[in-house]
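Asks: The following block contains a protein sequence and its predicted model.
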Amino acid sequence: MIEEGQAYDFTHFVGRYLIMFGRERIFQEKVSGVGGTELKRGINRMSLLLKIVDSWAVRFDDSKYPRDFYLQMLASISTAPESGEMGQSVIRMLQWKDGKVRLDPNGNTTINGLRYAIGRTKPNTYNPKVHDPVLLSNHFFGWAQEVKKRRDFSPDLLEQISRLGLYNSLVIPVFLLHILNPRIFPIFDQHVERARRFLMGGGLNTGLTVDDYAQYTQFWSELLSDIGVKIATAEYARIKHIDEALWAMGKHLLKGKRPVNPTSPRPPEPADFKEDFNATVSSGRFTTSSPEFKNAVFKYCGSMTQSAAMKHAAKEFGIALPRSYLIYPGSHINRWRRQGFPK
């Protein structure tokens, strides 16, 4: 049914997701049509993919990689008018990538009203003596403006980074491309690649290559398209949300490792996911991803429990509510707050 190395395809993606829980039969009953290649009538692929993404994104370790800091630095890099300002923001992002940025009321760095403590970064990620002369230079600033104009990935970009005297590896150079042009160059590491390989029916990765990243960028763009995200105009927060889901899924797949945060909500297991399939068939205009539904939940939370608010809003909009929304309402509500709800 699912061939190893298959390129991105919705039915393969969902099938592999269900195999993660040993429930391939649900795939056969609900997704695969004649010959296992067609969607059952009424299945809303965008709704299903959003449910998968949302269920895993809540497991991302935001305490180690603060989302607000990341988004603020991306905005700064995007609009910086000169080399010094942009270079400082790039340096802060390298510190973030190294996991050395923490929210701390006593921290000595304030970004957009929030205080952070920034620890010592590994020298292969950021070494002031080696990297500052390049990252703060006018030459790097000019090169960065050209990267911001790119519309696809080419290995020559990594060669250019090497010639700048920065890095000769893969993950950090790709991250550098990402923070300069987030919509075109997704973040890449062992976890997101592990998720991609699993979902596409390939063997789990033992190493990362430039070819892997080229395939990942294709997978990324096609996945975003199926979710309904237009890369050319996508909000940075939306892109990060999808990246977080793949990172958490890949982390979960790492043999011998616990989930990112054992106290965080589980992703939807097959019983929950079966309800999600039924919900996409029976629901009309509104789904759990609709802004109207989310705003209604916040409205009702003022006078009832979070679970009751979920039920009330779902009834109002004719939504068949997945079980995870009743068992873990707080995780969804907190995620919606980060998305700017209520609006």
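Replies: That came in fine, so what should we check first?
Asks: biggest strand in this protein, by residue count?
Replies: strand 114-118 (DSSP state E).
Asks: Show me what the helix or strand following that strand is in contact with.
Replies: Next helix or strand after strand 114-118 toward the C-terminus (DSSP states H and E): helix 128-135. With contacts defined as CB atoms under 8 Å, 6 or more residues apart in numbering, helix 128-135 is touched by 87, 90-91, 94, 123, 140, 164-166. In this view, the C-beta of every residue, glycine as well, is placed from N, C-alpha and C.
Asks: Out of the residues you listed, list just those in strands.
Replies: Using DSSP E, none of the contacts of helix 128-135 sit in strands.
Asks: Name the member of the residues you listed with the most neighbours.
Replies: Val90 (25 neighbours; other CB atoms under 10 Å).
Asks: Surely that residue is in contact with Leu176?
Replies: Yes - the criterion here is CB atoms under 8 Å, and Val90 meets it with Leu176 at 7.3 Å.
Asks: sorry, back to before: can I get the contacts of helix 128-135 in JSON lines including distance to Leu199 and pLDDT?
Replies: What follows is these, written out as JSON lines (distance: CB to CB, whole Å; pLDDT from 0 to 100):
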{"residue": "Gly87", "distance to Leu199": "37", "pLDDT": "98"}
{"residue": "Val90", "distance to Leu199": "31", "pLDDT": "98"}
{"residue": "Ile91", "distance to Leu199": "34", "pLDDT": "98"}
{"residue": "Leu94", "distance to Leu199": "29", "pLDDT": "98"}
{"residue": "Pro123", "distance to Leu199": "35", "pLDDT": "95"}
{"residue": "Phe140", "distance to Leu199": "36", "pLDDT": "97"}
{"residue": "Leu164", "distance to Leu199": "34", "pLDDT": "93"}
{"residue": "Gly165", "distance to Leu199": "37", "pLDDT": "91"}
{"residue": "Leu166", "distance to Leu199": "32", "pLDDT": "93"}
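Asks: How many residues are close by Asn181?
Replies: Here the count is done by other CB under 10 Å, and Asn181 has 19 residues near it.
Asks: ok, it to Gly107 distance?
Replies: 29 Å (CB to CB, to the nearest Å).
Asks: Ramachandran coordinates for Val58?
Replies: Dihedral pair for Val58: phi -70, psi -10, per degrees, to the nearest 10.
Asks: And the pLDDT for it?
Replies: Note for Val58: predicted pLDDT of 82.
Asks: And the one 3 residues further on, by the same measure?
Replies: Predicted confidence (pLDDT) for Asp61: 83.
Asks: helix, strand or coil for it?
Replies: State at Asp61, reduced to three classes by DSSP: H, G, I helix; E, B strand; the rest coil: coil.
Asks: measure it to Tyr17 for me?
Replies: Distance from Asp61 to Tyr17, by CB to CB: 21 Å.
Asks: from the contacts of helix 128-135, which two are the most distant?
Replies: Greatest spatial distance in those: Pro123 and Phe140, 18.9 Å, computed using CB to CB.
Asks: Just give the number of residues close to the nearest residue to Glu82 once chain neighbours are set aside.
Replies: In this structure, Glu82 finds its nearest non-sequential neighbour in Phe141, 6.9 Å apart by CB to CB, 6 or more residues apart in numbering. Neighbours of Phe141 under the rule other CB under 10 Å: 19.
Asks: what's the answer for Arg338, then?
Replies: If we define neighbours as other CB under 10 Å, then Arg338 has 14 of them.
Asks: List the contacts of it.
Replies: 67, 237.
Asks: Over to Phe198?
Replies: Phe198 touches 16, 20, 204, 249-250, 253, counting by CB under 8 Å, 6+ apart.
Asks: most neighbours, which of those residues?
Replies: Using other CB under 10 Å as the neighbour criterion, Met249 leads those with 28 neighbours.
Asks: Can you give the distance of stretch 298-312 from its chain's centre?
Replies: A distance of 28 Å separates the C-alpha centroid of stretch 298-312 from that of its chain, computed with CA atoms, centre = their mean, to the nearest Å.
Asks: Show me the contact partners of it.
Replies: Residues contacting stretch 298-312 (CB under 8 Å, 6+ apart): 296-297, 313, 321, 325-326, 329-330, 332-333, 336, 341-342.
Asks: now those: which count as buried?
Replies: Among these, those classed as buried by neighbour count (16 or more other CB atoms under 10 Å) are 296-297, 313, 321, 325, 329, 332-333, 336.
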